[in-house]
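Asks: When you get a sec, could you give me coordinates for this:
(chains A and B)
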There are 2 protein chains.
Amino acid sequence: MSIAQFRAALGEIAVEDRAALVQQRSRDHYWYSPILKQKLDHVCADLVVSPRSIAEVKTVLAAAYRHGIAITARGAGTGNYGQAMPLAGGVILNLMQMNAVLDIKPDRVRAQAGAVMEEIDHQTRAAVGGELRFHPSTNRSASIGGFIAGGSAGVGSIRWAGLRAFGNILGLKVITCEETPRELDLVGKDILKVAHAYGTNGIIVEVEMPLTQSHQWIDVMVGFPDCIAACRFAEAVGLQDGLLVKEVGICAAPIAQDYFNRHKAYVRPGQSIVILMVAPVAIEAMAVFIEHHAGELLLRGDQLDADEKKRLPPIYELGWNHTTLRAIKVDPSITYLQTRYPSVEHVRTIIDIFGDELPMHIEVARQDGRVAFAGLPLVRYTSEERLEEIIAIHEANGCAVFNPHRYTLEEGGMKRTDEVQLQFKRQADPSGRLNPGKMIAWDDPNFDLTSGRAWLFSGLAPVEP
Amino acid sequence: MSIAQFRAALGEIAVEDRAALVQQRSRDHYWYSPILKQKLDHVCADLVVSPRSIAEVKTVLAAAYRHGIAITARGAGTGNYGQAMPLAGGVILNLMQMNAVLDIKPDRVRAQAGAVMEEIDHQTRAAVGGELRFHPSTNRSASIGGFIAGGSAGVGSIRWAGLRAFGNILGLKVITCEETPRELDLVGKDILKVAHAYGTNGIIVEVEMPLTQSHQWIDVMVGFPDCIAACRFAEAVGLQDGLLVKEVGICAAPIAQDYFNRHKAYVRPGQSIVILMVAPVAIEAMAVFIEHHAGELLLRGDQLDADEKKRLPPIYELGWNHTTLRAIKVDPSITYLQTRYPSVEHVRTIIDIFGDELPMHIEVARQDGRVAFAGLPLVRYTSEERLEEIIAIHEANGCAVFNPHRYTLEEGGMKRTDEVQLQFKRQADPSGRLNPGKMIAWDDPNFDLTSGRAWLFSGLAPVEP
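Replies: Next up is the predicted model:
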């Protein structure tokens, strides 16, 4: 392994080696988790390489293969599990220079992996009146490739379910890390070989996504006397197939009052809120529906004056992990969990147990055709032991937890080896150069995922001088 | 009451009184039901009046109010419960001359009630790349006003649920039947005052409907060894939020083999089939999904040669009540039921009980946010008593029946008085001129809907000479 030889093989490809910039690009939002913050704080690459074409990506990967350099692909770095952090050092492969929207048709768009999602929507709306089915709350900065490699759901999931649900990704072009890197076009079920694999088994360079009808979504905020009433309303909205919405989120008091700096003026003390993005075609029906559920219409985006409109961030920046972000900005001791609440009654049980230790935040999303409560509760963090206890209490009460305090593929959401992704890694990254340490099955096939013990990548050990 | 005085008040409005034409326009597809056929065969209006403007509709309704003439509104007459049949004689108000598409926006369309649904889609596709959320299987002839006044669901319900689900109708303009007819614009929950009221409490003259992204839907037919396997696949498709489809229907063997003249060539003996309309953006994923469920891809519209394409009717003309229609054309002894099967196991139970007496046909649709089996089983009819027995056995096995052998609002789907519609009739049709005999609550508030006895409108008694 020689970083100098690797670098010499890159020719004209843009390389950054200034320490401050390399460190910045070696990080994502891992600091949402106090546990990951401690574990990953020292993680840093040697170089950042920014290819501008598929040919340049191939050159980088061939050099990495030949010279034994670890490659961690990165989009905008808006993930928060350390997905894009280089546990073994080496090179950050920054794909944000490959940001072209390549082809727009009425029902689909093809773009390079580094295209920012908001920019894709901007172009497709103008061209064909279409938009992507989903975006994360980091819409304004996140790349489409990063969302597919490291994300699971987001704004739009109330209609289209998870990002990896069948039909939500049409095609991915992937470059392998071999002596002579290959260009593979994955479609159909082959998409699952690399979607949400953190770039461990191939570098996504192009994506093809379906477009749906675009709308001038109207931001709406509705107040309820308590979180359970908010949950009932939010679930009822989710079950209304004719009421076109793109976002349904629930924030229990005092989340809005304490953490939503610009929006708090619209919320009364003690109110729990539901945030909505409503199609103009559904706004009048929604107004009736809110009244029917005795909700208080706190804010309606199409009725704000121009000054207010300018002052307020889009309402989706109160949801998903932006809820967490806003809370941490005010109170750095806060962290969060990812849970699944099977019913309103489960939410009530958890609220009764934890009270203010766990300010409740839920995103309502479809999953396998059903309306589901995807919990992203805030947690007033005290210790790792207590966090583990909170997780255990959730599980004991029938509420699954997808632990966001782990940096591997297996320990967060899946809790099992993805054999398809592992098998594909054997073909596309035979020497294990890509994002080492994120796929346990590759490094230690015998690790017991049920042990309750966090897996520790050996590359995380401080490097001997 | 004087039909001559009524007629004199119409001025230049088009009137038809030739007996053969009046009889033709006095009928809908009531003959799907041997029971309705017997009860309604003699029903006939005196005149057909065909207004061309709202002003003319008002003139007709004012004259009807003044001269005591019954008015039964009619679109294309594609209903099949006698909705548009004039039980008390009088006048058929033919709205098919009011067929203008008035305004098209990217997310909505406004049209006159008599506009044919296929023609609306034709215009909105060209103008904004949008289409109506739904259409009945009679898309090529049915009017939008008739669909709203007499229909409940259709092609598109797998995504948007029922036609009257909140948000699926944006606005209705209704003319009242009073001394001075009023023009009312109903929006929000007021839409339910007249939607699916068979024109008993106001005449719908304009509608505003949401538009969704249009697609060049691909007709697909999939074969399975039995109906239960077909049901499992169809339900699984319905639960795939990312797999964009507009139609999912199940026809057990031997429906396709015996009744689908043009399509039977694609089906092997004994196969039960699922018919689908799939968006091009979802067709490759669907092909994988069919394979995964061990379905046999029998027909794929985008892979037919031009001759085949021309020869085959659109696949939605195998679904909904077109299944019934095709069966009756081959075997006039067949009729059908409308049922709700809560699960595949319920379907299995019913199949086990009835076997070939009840060739199973199911449309998969969303209802209140859930994927549901809307049964439209064929029935090899023997007697009214046996039909009632089949209904009773359904209900005893937990499967609701919406009896299509009744001509009133209450006895078919709802089995209760709709107080909102009754109240609106008091305001909009105080003298009871509109479609008399279809709303039991108006004629006989004391009728016991739980009696099991069919309600008989006195206007049905043969008229004394």
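
Asks: where along the stretch 201-350 of chain A do the helices fall?
Replies: Listed in chain order, the helices found in the stretch 201-350 of chain A under DSSP state H, counting those that start in this stretch are A:227-239, A:255-259, A:283-292, A:306-311, A:321-330, A:344-354.

Asks: got a list of contacts for the third one?
Replies: Translated: helix A:283-292. With contact meaning C-beta atoms under 8 Å, 6 or more residues apart in numbering or on different chains, helix A:283-292 is reached by A:218, A:220, A:222, A:233, A:236-237, A:240, A:242-243, A:245, A:276, A:278, A:297, A:300, A:302, B:166-167, B:170, B:187-189. Backbone N, C-alpha and C define where each C-beta goes, glycine included.

Asks: Off-centre distance for the host helix or strand of A:Trp442?
Replies: According to DSSP states H and E, A:Trp442 maps onto helix A:440-443. What separates the centre of helix A:440-443 from the centre of its chain is 22 Å, taken as C-alpha atoms, centre = their mean, to the nearest Å.

Asks: Against which helices or strands is it packed?
Replies: Identification of packing neighbours for helix A:440-443 by 3 or more C-beta pairs under 8 Å, 6 or more residues apart in numbering or on different chains; DSSP states H and E yields helix A:419-428.

Asks: now the biggest strand by length in chain A against helix A:419-428, angle please.
Replies: Looking only at chain A and at elements set by DSSP state E, the strand with the highest residue count is strand A:203-213. For strand A:203-213 against helix A:419-428, the angle between stretch directions is 130 degrees (axes from the mean of the first three to the mean of the last three C-alpha atoms, to 10 degrees).

Asks: could you give the mean pLDDT of strand A:203-213?
Replies: What strand A:203-213 shows for mean pLDDT is 98.

Asks: In its sheet, which strands sit next to that strand, and in what direction?
Replies: Using DSSP bridges, the neighbouring strands of strand A:203-213 in the sheet come out as strand A:108-112 (antiparallel), strand A:130-132 (antiparallel), strand A:171-175 (antiparallel).

Asks: how much distance is there from the second one to the middle of the chain?
Replies: Same thing as strand A:130-132. Its chain's C-alpha centre lies 19 Å from the corresponding centre of strand A:130-132 when counted by C-alpha atoms, centre = their mean.

Asks: The helix or strand just after it - contacts with which helices or strands?
Replies: Under the assignment DSSP H and E, the closest C-terminal helix or strand after strand A:130-132 is helix A:144-150. Contacts of helix A:144-150 with other secondary structure elements, assessed using 3+ C-beta pairs under 8 Å, 6+ apart, are made with strand A:71-74, helix A:117-128, strand A:203-213.

Asks: Report how many residues lie close to the closest residue to chain B within the stretch 251-400 of chain A.
Replies: Minimum separation of the stretch 251-400 of chain A from chain B (C-beta to the nearest C-beta) falls at A:Gly369, amounting to 2.9 Å. Each residue near A:Gly369 was counted by other C-beta atoms under 10 Å in any protein chain shown, and the total is 19.

Asks: pretty sure it is touching B:Gly242, no?
Replies: No. With contact taken as C-beta atoms under 8 Å, A:Gly369 and B:Gly242 are classed as non-touching, separated by 10.2 Å.

Asks: dump the residue contacts of the closest residue to A:Gly145 other than its chain neighbours.
Replies: Across the structure, with C-beta to C-beta, 6 or more residues apart in numbering or on different chains as the measure, the residue nearest A:Gly145 apart from its sequence neighbours is A:Ala113 (2.6 Å). The neighbourhood of A:Ala113, defined by C-beta under 8 Å, 6+ apart, consists of A:Gly75, A:Leu95, A:Met98, A:Ser143, A:Ile144, A:Gly145, A:Gly146, A:Ile203, A:Ile204, A:Val205, A:Glu206, A:Val207.

Asks: residues in the stretch 201-350 of chain A within reach of chain B, list them.
Replies: Within reach of chain B by C-beta under 8 Å from any C-beta of the partner chain, the stretch 201-350 of chain A has these residues: A:210-213, A:215, A:238-244, A:279-282, A:284-289, A:292.

Asks: Give me the buried subset of the residues you listed.
Replies: Of the members of those, the ones counted as buried by neighbours, 16 or more other C-beta atoms under 10 Å in any protein chain shown, are A:210-213, A:215, A:238-244, A:279-282, A:285-286, A:289.

Asks: so what are the domain limits for chain A?
Replies: For chain A, automatic domain parsing gives the domain ranges A:3-94, A:101-213, A:218-401.

Asks: In CSV: these, plus distance to A:Val420.
Replies: Putting the domains of chain A into CSV (distance: least, C-beta to C-beta, whole Å) gives the following:
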stretch, distance to A:Val420
domain A:3-94, 19
domain A:101-213, 6
domain A:218-401, 19
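
Asks: Tell me which of those is the most buried.
Replies: Burial among the domains of chain A, expressed as mean neighbours by mean count of other C-beta atoms under 10 Å in any protein chain shown, is greatest for domain A:101-213, which shows a mean of 22.

Asks: Distance from the chain centre to that domain, please.
Replies: Centre to centre, stretch against its chain (C-alpha atoms, centre = their mean), the figure for domain A:101-213 is 13 Å.

Asks: Likewise for stretch A:237-253?
Replies: That offset, for stretch A:237-253, works out to 20 Å (C-alpha atoms, centre = their mean).

Asks: got it, and stretch A:433-450?
Replies: Using C-alpha atoms, centre = their mean, the offset of stretch A:433-450 from its chain centre is 21 Å.

Asks: how far does it stretch from start to finish?
Replies: 27 Å (C-alpha to C-alpha, to the nearest Å).

Asks: For that stretch, give the mean pLDDT please.
Replies: Along stretch A:433-450, the predicted confidence averages to a pLDDT of 92.

Asks: Mind listing what's buried along it?
Replies: Using 16+ other C-beta under 10 Å, the residues of stretch A:433-450 that count as buried are A:Arg433, A:Leu434, A:Asn435, A:Pro436, A:Gly437, A:Lys438, A:Met439, A:Ile440, A:Ala441, A:Trp442, A:Asp443, A:Leu449.

Asks: hmm, back to that, can you tell which of the helices of the stretch 201-350 of chain A is closest to B:Ser2?
Replies: Of all the helices of the stretch 201-350 of chain A, helix A:283-292 sits nearest to B:Ser2, with 43.9 Å by C-beta to C-beta.

Asks: Centre-most residue in chain A?
Replies: Centroid-nearest residue in chain A: A:Gly151, 3.5 Å away (criterion: C-alpha atoms, centre = their mean).
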